[in-house]
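Student: coordinates only, no sequence provided:
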Ligand SMILES: O=C(O)[C@H](O)[C@@H](O)[C@H](O)[C@H](O)COP(=O)(O)O
């Protein structure tokens, strides 16, 4: 694991962009495609500001979601909807490059359908992402994997439904640890004093929390601004 401490949010955004650019170009040169998993929350803002600066072949990108809320795409709560409105117009990405959840169905059906869509995208039942871009909630959750939730122990489903998310909205689908920890690279991007206690509990105390359980076979980076790194 590599912890990268930077001064402020702007530096988190630029560091996240530069790591993503390098990883994307490496994946494209080696395998002809770049599979990336996007998170919601503040990561959306970081990426919508940072990704348009990248020097990359956007046509080779396949974009999926580390988790997604089971809401209509035009809802404020839709993670894809937010990227659609705030990222796509600033790049040459096309909507079709995003692996999105089925609309108008239950979380269970959306998770099952998403698994099929990812199988098609990867042409394999092994979803080996080149990069997962992760946030961490103030309770230490990541994706839609929350402290004490049974999904922390889900080892067979690759994409799981959740209907009791403590972070609204309650209905979501989420990647599970078998997929998360098979990624070539995982990057957490964390800012703000509100996360400082949890960052310490995870990075210094190694408390068993959902974000601590992200231990990919590949590389793990935590990009943290000075406010969130205050107790390290
Ligand atoms: O859909 C979501 O809610 C996100 O995918 C979620 O996992 C997010 O990354 C964390 O909740 C952190 O969110 P903040 O960075 O906004 O605190």
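Tutor: Perfect, thanks for sending it. Computed from a predicted model, the values in this text were never measured in an experiment. Numbering: from 1, shown residues only.
Student: how about the residues of the protein near the ligand?
Tutor: Contact residues (C-beta under 6 Å from any ligand atom) of the chain with the ligand: 39-43, 66-67, 79, 135-137, 142-143, 167. C-beta: built from backbone N, CA, C; applies to glycine.
Student: now the buried members of these.
Tutor: Using 16 or more other C-beta atoms under 10 Å as the burial test, those include 39-43, 66-67, 79, 135-137, 142-143 as buried.
Student: now the strands for this protein?
Tutor: Ranges of strands in the chain, per DSSP state E, are 2-6, 34-38, 61-65, 67-69, 131-134, 159-162, 172-175, 185-190, 219-225.
Student: got the buried residues for stretch 223-232?
Tutor: Residues of stretch 223-232 classed as buried by neighbour count (16+ other C-beta under 10 Å): 223, 224, 225, 227, 228, 229.
Student: what about the second one, distance to residue 189?
Tutor: In this case it means residue 224. Separation of residue 224 from residue 189 (C-beta to C-beta, to the nearest Å): 8 Å.
Student: between these two, what contacts are shared?
Tutor: Both residue 224 and residue 189 are contacted by residue 12, under the criterion C-beta atoms under 8 Å, 6 or more residues apart in numbering.
Student: what number of residues lie near residue 120?
Tutor: Residue 120 has 10 neighbours, counted by other C-beta atoms under 10 Å.
Student: ditto for residue 164
Tutor: Residue 164 has 11 nearby residues by other C-beta under 10 Å.
Student: could you find the closest non-adjacent residue to it?
Tutor: Leaving aside its sequence neighbours, residue 164 sits nearest to residue 170 (C-beta to C-beta, 6 or more residues apart in numbering; 5.9 Å).
Student: quick one: the helices in the protein?
Tutor: Applying DSSP state H to the chain gives helices spanning 9-31, 42-50, 79-86, 107-122, 177-180, 196-199.
Student: could those go into JSON lines alongside mean pLDDT and distance to residue 155?
Tutor: Listed next are these as JSON lines, based on pLDDT from 0 to 100; distance: least, C-beta to C-beta, whole Å:
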{"stretch": "helix 9-31", "mean pLDDT": "98", "distance to residue 155": "26"}
{"stretch": "helix 42-50", "mean pLDDT": "97", "distance to residue 155": "25"}
{"stretch": "helix 79-86", "mean pLDDT": "98", "distance to residue 155": "25"}
{"stretch": "helix 107-122", "mean pLDDT": "98", "distance to residue 155": "15"}
{"stretch": "helix 177-180", "mean pLDDT": "98", "distance to residue 155": "6"}
{"stretch": "helix 196-199", "mean pLDDT": "98", "distance to residue 155": "25"}
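Student: mind checking the ones you listed for the one nearest to residue 61?
Tutor: Residue 61 sits nearest to helix 9-31 of all the helices of the chain, at 6.9 Å, using C-beta to C-beta.
Student: got the angle between the closest one and strand 2-6?
Tutor: Counting by axes from the mean of the first three to the mean of the last three C-alpha atoms, to 10 degrees, helix 9-31 lies at 140 degrees to strand 2-6.
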